[in-house]
Every structure is written in structure tokens, then in C-alpha cells.
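Peer 1: Pasted the sequence and its predicted model underneath.
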Number of protein chains: 2
Amino acid sequence: MSLPQMSESTEMYLKAMVELGLSNVVSIGRLAERLNVTPVSANEMVRRLGDQGLLTHTPYKGVSLTDKGREAACNVVRRQRLWEVFLYEHLHIEWAKLYELACSLEHATAPEVTEALAAFLGDPKFCPRGNPIPAADGSFLPLDGRPLSTASVGETVEVLAVNATTTDVLKYLQERGILPGQTIRVLEAAPLQGPLTLKVGEKEVALGLSLAEFVIVKNS
Amino acid sequence: MSLPQMSESTEMYLKAMVELGLSNVVSIGRLAERLNVTPVSANEMVRRLGDQGLLTHTPYKGVSLTDKGREAACNVVRRQRLWEVFLYEHLHIEWAKLYELACSLEHATAPEVTEALAAFLGDPKFCPRGNPIPAADGSFLPLDGRPLSTASVGETVEVLAVNATTTDVLKYLQERGILPGQTIRVLEAAPLQGPLTLKVGEKEVALGLSLAEFVIVKNS
DNA sequence: TAAAATGTTATGGCTAACCTTATTATTCCA
DNA sequence: TGGAATAATAAGGTTAGCCATAACATTTTA
């Protein structure tokens, strides 16, 4: 009574590839880190996915999706983000938990359910974390933004999306008001990869650089 | 990014126990048949579930749920049937596919999603197949009915529920109008475990005894 | 340019849930 | 009561996706 013609693990790898930048070459290390597996395991799995024609691996360089992989990946991400919308707007699930809970559902969703869900939700274009939802045909307009970690002191930016996935990181950002739509001013950037000091609403917030990478912003 | 503290397989065994009669002693053979595994595999798995205290197995007699197992099982069935309601009423998924599609989702549903879903749906008491939905506290009022296979010639009965799970069986019954609420008259019962001849609406329908076991009816 | 960091490959191990084949035990029924 | 049906047990095999450890290759960077 299950459906996966693509395993849960495969879906996680594909999703990670999209989240780390749809068209980027991603190192095995980064992939392993995001998926919480050892580099050795990621290497094995990347070989399997390569054998299935979903991605290409250039040794010592990194991994990128093939056309087939990109299509499959967009489909996975579509399901993920549609469920996030449903959980948020209709079930009123806590924002920080959306990714994790939607992730489980995503793996269990047949194509006809995906499309019926999209129709039910009114074909939303963005998920509650601000990320675009790929269309049914696989088309995907990426966000026109950059990570907050690249912003310079004095800049004022607007949060487009939060790209984090783990509940604890999302909760941390939420508690500090770092949510889509929020305007942020960069007050200070500590040297040696140190944290940013931000003005978020009325509050001053210190944010580590690695967390700031998860926050996608545009000039405002 | 998954949740199962109880494996998918465990959930399927528990669900099967409920579907084969919440308080019945079920033989390994029947369990194996419904789950589409060999009796040897079912035996192994039953031992594992016994070790976890979910059910008790009396050799050569059969299997029954413990209190702990019953609670877990009701929870699984609750999730399953709530999703059936959602898929049917909000996503307009084909009736015959509900069980299978809801089954996948069920395994991927965290408790907080279950309860939010129940609230969203207005705490429904029955699934689209006519089966009762266990309450959040585990209480479960079973149907007051019996299998159509036990009906005698000349009886007129009303379908309370369809207990089948596979899409092909559900489709077969649906095509013949055998759905909850339908009134059926038993015209004939062939000897030697032969099929029943039924009057369903305007049509005469022949139905094998093993299929008739899936149809729960009451006197009407 | 050498050391550090990163990536690759090899080997072996683990787990859950299935499988087959074969043997033995029990229960049911005629 | 004896054979058929059903159930239990034993032994060994498979798969996916992980793990660790260790050796080796390449790339980056100081």
C-alpha cells in the first residue's frame, strides 16, 4: 500500500540539490552536511543516483542535476511546498514545524493527490517560508535574491524567503522576527566570519553567518 | 526528516488487525493474506510485534491486540480514515482510490497534524467507505452490522460500510453500486460457497462470497 | 610548495522486512 | 483416528541505505 517508485532517500537528495541551488554544482560535503549523513554515505548514494541518470558527479568537483533529475526534483519540491501551504493555511500548524511535517507527507503523495491539492489551495506560487512553488509542468521561477550573509554593513534589505529546513533553525529565526516580508538593516559585521548585528523591527539581533546564509533577501 | 517511531510495516499489521475485527483472534494465515506477505513473514513480524507488547500470539490459535496495541492501532486507523475524508470531500479523489492514497499519507502523519486535520474536517465520525473513525482518545464505536456473506436469501439489507482496501476490489464494488447507504436484496445464494445474486437498485449483480465478506450490512 | 582540507574508494558491518525451501508440530474434520 | 490443512521453526538469502575505519587522491590555501 505504498507508492514510492522513487525512494524517500532519493527524494531527499533531490530536494537538497534544489535547496542548495537548482543550477549549482554542489559538493558532496555540503550535500552530506545538509542531509545529515557522512560524506562516505553521500558518495555512495550519489553514485546510485548517477546510475539512475538523475545527476552527474564530477569527481573532486561536485554534483549537479541532469534534466531528468531537475524535473524529478522540482516535482518533489512542489509537493513539499504545497503541503506547507496546506498545513499553514488550513491546519494552522506552527510556522517553524512546517518543513518537517510537510516533508513526511511529501514522500507519501501520489501525483493525482498533488494536483488535486494544488487546485484545492488555488495554485499558490509561494510557500509560507517564501520559496517559490514549481509549477506542475516543472517550470520554476527562482527567487531574485541573495543570502543575507552577503549583505554589507548599512544595507537595508527585505526578507524574501527563509531557506532553512530544520525545525530548530526555523524556530530560532522566527523568534527573532526573521520572516518573509520583514525589513532588516545590517548594523555591523564582525570580522573573521563573525556574526552580523541586525536591526529587525525594533530589536537588535545578532545572527551567525551560517544562519544568515539561510535567509534570502533583496534590496529594499 | 521522517517521524516513524512506529514503522510503516508495524502500522500495516496493526491496521489489518482492526480491519479483521478489533477484538477478534486472527490467524496468522488471514493476516498474511491481507497483508500480502507469506505466512512465514507474518510469523516473524508477529513475533517482533509481540516483543514490543503490541499483540499476543497463542501458537496454533492466533493473534490478538493488547491494550497498548489496540490504542496504537486505533490511532493508525484514525489517521487513515481522516485522510480518506479529506481526499474525498476536499480533493474529490475517486472513491475507489481513497484507501490506498490515504494509507500512504497515514504513515507520514504526526499527531499534531492528525488532530489539526480532524478539526479542519469537523471531527467526522465515518469515512467515505462507511467505517467509523476512532476518536482521539482511542474510543471506537464499532459498526453494528455483519458481513453481507451471512445474509440469507430473501433478506433486504442496507450497506453500512465497505471494508475492502485494495483499489481493484473497491472499484469492482463501486461499479456494481455496492456503496454505503445502498439497499440490497439477496435473490439467491448458490450452493457450495457459490456467489450471491443480489438486487442492487435496478440491477441484478452476482457477487462472490469472499467479496461479500467485505460488505458490512444491517437489516433494513 | 608543503600541509591542510576535502573527496574517493575499499572493506566490512548493521538493520528491517521481506523471501524461499524444508522440516516438524498441531489442529480439524470426515 | 488418520490424513489434510494450517501453523511454527530453522536456515540462508536479498535489498536499500546507512555506519565506521582506513588508505589514497586531489585541491586549496597559507
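Peer 2: Yes, it's here.
Peer 1: The helix or strand of chain A with the lowest mean pLDDT: what's the following helix or strand?
Peer 2: Lowest on mean pLDDT, DSSP states H and E among the helices and strands of chain A sits helix A:209-212, with a mean of 90. From helix A:209-212 onward toward the C-terminus, using DSSP states H and E, the following helix or strand is strand A:215-219.
Peer 1: Next, the buried residues of that next one.
Peer 2: Within strand A:215-219, the residues scored as buried using 16 or more other CB atoms under 10 Å in any protein chain shown are A:215-217. Just so you know, the C-beta spots here come from the backbone N, C-alpha and C atoms, and that holds for glycine as well.
Peer 1: Could you restrict those to the ones contacting chain B?
Peer 2: With CB under 8 Å from any CB of the partner chain as the criterion, these include none near chain B.
Peer 1: want to try a markdown table for these, with pLDDT and distance to residue A:15 as columns?
Peer 2: Putting the buried residues of strand A:215-219 into a markdown table (pLDDT from 0 to 100; distance: CB to CB, whole Å) gives the following:
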| residue | pLDDT | distance to residue A:15 |
| --- | --- | --- |
| A:215 | 95 | 19 |
| A:216 | 95 | 17 |
| A:217 | 96 | 22 |
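Peer 1: Extract the C-alpha trace of the longest helix belonging to chain A and format it as CSV.
Peer 2: Counting by DSSP state H, the longest helix found in chain A is helix A:67-89. Written as CSV, here are the backbone C-alpha positions of helix A:67-89 (Å, rounded to 0.1, in the frame of the first residue of the first chain):
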residue,chain,number,x,y,z
ASP,A,67,17.4,17.4,-16.9
LYS,A,68,15.7,14.3,-15.7
GLY,A,69,16.9,14.9,-12.1
ARG,A,70,15.8,18.5,-12.2
GLU,A,71,12.3,17.5,-13.3
ALA,A,72,12.0,14.9,-10.6
ALA,A,73,13.4,17.3,-8.1
CYS,A,74,11.0,20.1,-8.9
ASN,A,75,8.2,17.7,-8.6
VAL,A,76,9.4,16.7,-5.1
VAL,A,77,9.8,20.4,-4.1
ARG,A,78,6.3,21.2,-5.5
ARG,A,79,4.8,18.5,-3.3
GLN,A,80,6.7,19.7,-0.3
ARG,A,81,5.7,23.3,-0.6
LEU,A,82,2.1,22.7,-1.4
TRP,A,83,1.8,20.7,1.8
GLU,A,84,3.5,23.5,3.7
VAL,A,85,0.8,25.8,2.4
PHE,A,86,-2.0,23.4,3.4
LEU,A,87,-0.6,22.8,6.8
TYR,A,88,-0.1,26.5,7.4
GLU,A,89,-3.3,28.0,6.0
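Peer 1: what about that helix, distance to the chain center?
Peer 2: Computed by CA atoms, centre = their mean, to the nearest Å, the chain-centroid distance of helix A:67-89 equals 10 Å.
Peer 1: Who are the packing partners of the next helix-or-strand element following that helix?
Peer 2: Where DSSP H and E defines the elements, the next helix or strand beyond helix A:67-89 is helix A:98-107. Contacts defined by 3 or more CB pairs under 8 Å, 6 or more residues apart in numbering or on different chains; DSSP states H and E place helix A:98-107 against helix A:8-19, helix A:67-89, helix A:167-175, helix B:111-121.
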